[in-house]
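Trainee: Okay, predicted coordinates and the sequence, questions at the end:
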Amino acid sequence: MILNGKVALVTGSTSGIGLAIARALASKGARLMINGFGDADEIAAIADDLGAIHDGADMSDPDAIGRMLDRCAAELGGPDILVNNAGIQHVAPVDSFPPEKWDAIIAINLSAVFHTTRHALPEMKAKGWGRVINTASAHSLVASPNKSAYVAAKHGVAGFTKTAALETARDGVTVNCISPGYVWTPLVENQIPDTMQARGLTREQVMNDVLLAAQPTKQFVTPEQVAALAVFLCRDEAASITGANISMDGGWTAA
Ligand code: NAD
């Protein structure tokens, strides 16, 4: 129970990677605030299972983010561990990319990382211990066609991570990002129809020639693998890892 006494806030943790990270942190003793959308009964069951508080703040709304961080401090303390994980995707060529989708992706995938972190840092610095872990993506390092907003946002997350790490390096606070390759979650499943349309491919071709082909292992990364790395970054042994963008992508960016 290496995280006994720690409070963790995981954004976008009602599904996929964030849910796995929340489960892993809770299993190590952290008290959790979870966040994200979904079926109310399912979210209540997840919160019950993890002994967590759910806050439904929309990560595109800076005021709601501020209220969520205030609530976390008042009801749980902290957070000592902030995992910026909420994210959305939209697949379309630049010249037909809907501007409102661009704005939403930049707000949720990038600007929210700034807003949560700016609220959480003062208490982490005062305590002399903190962990900020940002779920970036292989797309923080390499591009794919038809994902301009997502690629821009994730490159931004990597740059923000490095800058915040430098600012907090003397405060016992580490700031890192994890960059997974493809993980089979609703975010990936939902982009298949648009990818089929944008590239003129069948579903099977998208699965084999786009998703699995990106990764030399020819396997999806699992949410549990990402979660295990997040737990490691919370350990005291990881205190010298800061400003890093850690790939977990089956060799995608190496290739
Ligand atoms: P997912 O769709 O399973 O989960 C996304 C989570 O974010 C959900 O809990 C959802 O409710 C929440 N969310 C979405 N919009 C929100 C908003 N406006 N406010 C609050 N919460 C919101 O997707 P996932 O694949 O688990 O993605 C999690 C993160 O991992 C994202 O940042 C994504 O970019 C990143 N990522 C995913 C993959 C992948 O292949 N699945 C690869 C690399 C990085």
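Mentor: Sure, I can see it. Residues are numbered from 1 along each chain as shown.

Trainee: Would you state the strands of this protein in chain order?
Mentor: Per DSSP state E, the chain carries strands over the ranges 7-10, 31-35, 53-55, 81-84, 130-135, 173-180, 245-248.

Trainee: Give me the helices and strands touching the longest one, please.
Mentor: Which is strand 173-180. Under the contact criterion of 3 or more CB pairs under 8 Å, 6 or more residues apart in numbering; DSSP states H and E, strand 173-180 touches helix 112-127, strand 130-135, helix 148-168, helix 223-234, strand 245-248. The way it works is simple: take the backbone N, C-alpha and C, and place the C-beta from them, glycine included.

Trainee: Mind doing that once more with 10 Å?
Mentor: Judged by 3 or more CB pairs under 10 Å, 6 or more residues apart in numbering; DSSP states H and E, strand 173-180 is in contact with helix 16-27, strand 81-84, helix 112-127, strand 130-135, helix 148-168, helix 223-234, strand 245-248.

Trainee: most packed of the ones you listed?
Mentor: Compared across those, strand 81-84 shows the largest average neighbour count, a mean of 29 (mean count of other CB atoms under 10 Å).

Trainee: helices or strands up against the helix-or-strand element of the chain with minimal mean pLDDT?
Mentor: When the helices and strands of the chain are scored by mean pLDDT, DSSP states H and E, helix 192-199 comes last with a mean of 92. Helix 192-199 makes packing contacts with helix 203-205 when contacts are defined by 3+ CB pairs under 10 Å, 6+ apart.

Trainee: In the helix it packs on, which residues are buried?
Mentor: Residues of helix 203-205 classed as buried by neighbour count (16 or more other CB atoms under 10 Å): none.

Trainee: who's in contact with that helix?
Mentor: The contact list for helix 203-205 (CB atoms under 10 Å, 6 or more residues apart in numbering) reads 192-193, 195-196, 199, 211, 213.

Trainee: mind redoing it with 8 Å?
Mentor: The contact list for helix 203-205 (CB atoms under 8 Å, 6 or more residues apart in numbering) reads 192, 196.

Trainee: again, but for stretch 45-55
Mentor: Contacts of stretch 45-55 (CB under 8 Å, 6+ apart): 14, 19, 22-23, 26, 31-35, 43-44, 68, 71-72, 75-76.

Trainee: Starting from the ligand, give me the distance back to Met81.
Mentor: Not quite, residue 81 is Ile, not Met. Counting by CB to the nearest ligand atom, to the nearest Å, the separation of Ile81 from the ligand is 16 Å.

Trainee: Identify the bridge partners of that residue.
Mentor: Beta-bridge partners recorded for Ile81 (DSSP bridges): Ala8, Arg131.

Trainee: what sits against it?
Mentor: Ile81 makes contacts with 3, 6-9, 25, 30, 130-131, 133, 234, as judged by CB under 8 Å, 6+ apart.

Trainee: how far away is it from Asp209?
Mentor: Ile81 is 38 Å from Asp209, where distance means CB to CB, to the nearest Å.

Trainee: again, but for Ser60
Mentor: In this view, Ser60 and Asp209 are 33 Å apart by CB to CB.

Trainee: Give me the more crowded residue out of the two.
Mentor: Under the neighbour definition other CB atoms under 10 Å, Ser60 and Asp209 were set side by side, and Ser60 has more, 19 against 13.

Trainee: burial measure for the closest residue in space to that one that isn't next to it in sequence, as a count.
Mentor: Leaving aside its chain neighbours, Ser60 sits nearest to Ala107 (4.0 Å; criterion: CB to CB, 6 or more residues apart in numbering). Using other CB under 10 Å, Ala107 has 18 other residues around it.

Trainee: List the residues that contact Ala239.
Mentor: 172, 174.

Trainee: still on that earlier bit, do you know which of the helices and strands packed on strand 173-180 lies nearest Trp102?
Mentor: Proximity to Trp102, assessed across the helices and strands packed on strand 173-180 by CB to CB, is greatest for helix 148-168 (4.5 Å).

Trainee: where does the chain have low pLDDT?
Mentor: Along the chain, segments meeting pLDDT under 70 are nowhere present.
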